[in-house]
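1. Sharing a model that was predicted from the sequence below.
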Amino acid sequence: MQRQVQAFLPTDWGNFNIIAYAGSADDLTPHVALVHENLDPARPVLVRIHSECMTGDLFHSRRCDCGEQLDKALEMAAREGGAVIYLRQEGRGIGLINKLKAYNLQDQGFNTANANTHLGFEVDARQYGLAVEILNDLGIRQIRLLTNNPLKIEAIEHSGIEIVSREPLVIEPKKENAAYLRTKREVMGHLLK
């Protein structure tokens, strides 16, 4: 994977540079980094590693908190000169079609974790080594990691990039996603109250 292209991207939150990373320029689903124009890699940088969630990020699904987390992360990154790394690993790494199959199972009473395992997948098949590669390419050596996910913390801790602090990213539960958030906390160990 390598940097393919960079472009200026003004957003509702502020001005970012968007950088696409892929194995080749023909890749239709590159990972991206949104890097605020005031990012200073010489100081600890606020960084969110966000995995793609089409239903939450794009369509604002209330089944999860993903879209709200992305919006809040972009707002914070703009305010603090940070970065959001957007990894194309939909549905905890199982893809959109299987994620929608998992939704159907959830409607039958499965939680998000056992729906994935019922379909033959890991509870969470995402990989964060790609985010480490992107951080290295950006020259970021110290981060304030914006996450509730202990797997992201563990991946960075073994990378040579220093986590100066973990910043929680908490979204107020809604009736539609309360069970989902409870599963994230109780089954997946997410750092949620």
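-> That came through, no problem. Numbering: from 1, shown residues only.

2. Where does the residue lying closest to residue 123 once chain neighbours are set aside sit, in terms of helix or strand?
-> Closest residue in space to residue 123, ignoring its immediate chain neighbours: residue 113 at 4.5 Å, by Cβ to Cβ, 6 or more residues apart in numbering. Yep, even glycine has a C-beta here, placed from its N, CA and C like the rest. Using DSSP states H and E, residue 113 sits within helix 112-118.

3. Please apply the same query to residue 99.
-> Under the criterion of DSSP H and E, residue 99 resides in helix 96-107.

4. Contacts for that helix next, please.
-> With contact meaning Cβ atoms under 8 Å, 6 or more residues apart in numbering, helix 96-107 is reached by 54-55, 63, 90-92, 94, 110, 112, 115-116, 118-119, 121.

5. now the farthest one out in the protein, which residue is it?
-> residue 108 (27.0 Å; Cα atoms, centre = their mean).

6. any idea how far residue 29 lies from residue 128?
-> For residue 29, the distance to residue 128 equals 17 Å [Cβ to Cβ, to the nearest Å].

7. more neighbours, the two?
-> residue 128 (21 against 11; other Cβ atoms under 10 Å).

8. thinking again about what came up before, number of nearby residues for the residue nearest to residue 123?
-> Per other Cβ under 10 Å, the neighbour tally for residue 113 reads 19.

9. That one reaches residue 122, doesn't it?
-> No. Taking Cβ atoms under 8 Å as the definition, residue 113 is not a contact partner of residue 122, at 9.5 Å.

10. Specify the beta-bridge partners of the residue nearest the centre of the chain.
-> Closest to where the C-alpha atoms of the chain average out (Cα atoms, centre = their mean) is residue 50, at 1.1 Å. With DSSP bridges as the criterion, residue 50 is bridged to residue 86.

11. what about it, distance to residue 17?
-> Using Cβ to Cβ, residue 50 is found at 17 Å from residue 17.

12. swap in residue 81?
-> For residue 81 relative to residue 17 (Cβ to Cβ), the value is 12 Å.

13. joint contacts of the two?
-> Counting by Cβ under 8 Å, 6+ apart, the residues touching both residue 81 and residue 17 are residue 37.

14. quick one: stretch 68-87 to chain centroid distance?
-> With Cα atoms, centre = their mean, to the nearest Å as the basis, stretch 68-87 stands 10 Å off its chain's centre.

15. Please identify the buried residues of that stretch?
-> With burial defined by 16 or more other Cβ atoms under 10 Å, the residues of stretch 68-87 counted as buried are 68-70, 72-74, 76-78, 80-87.
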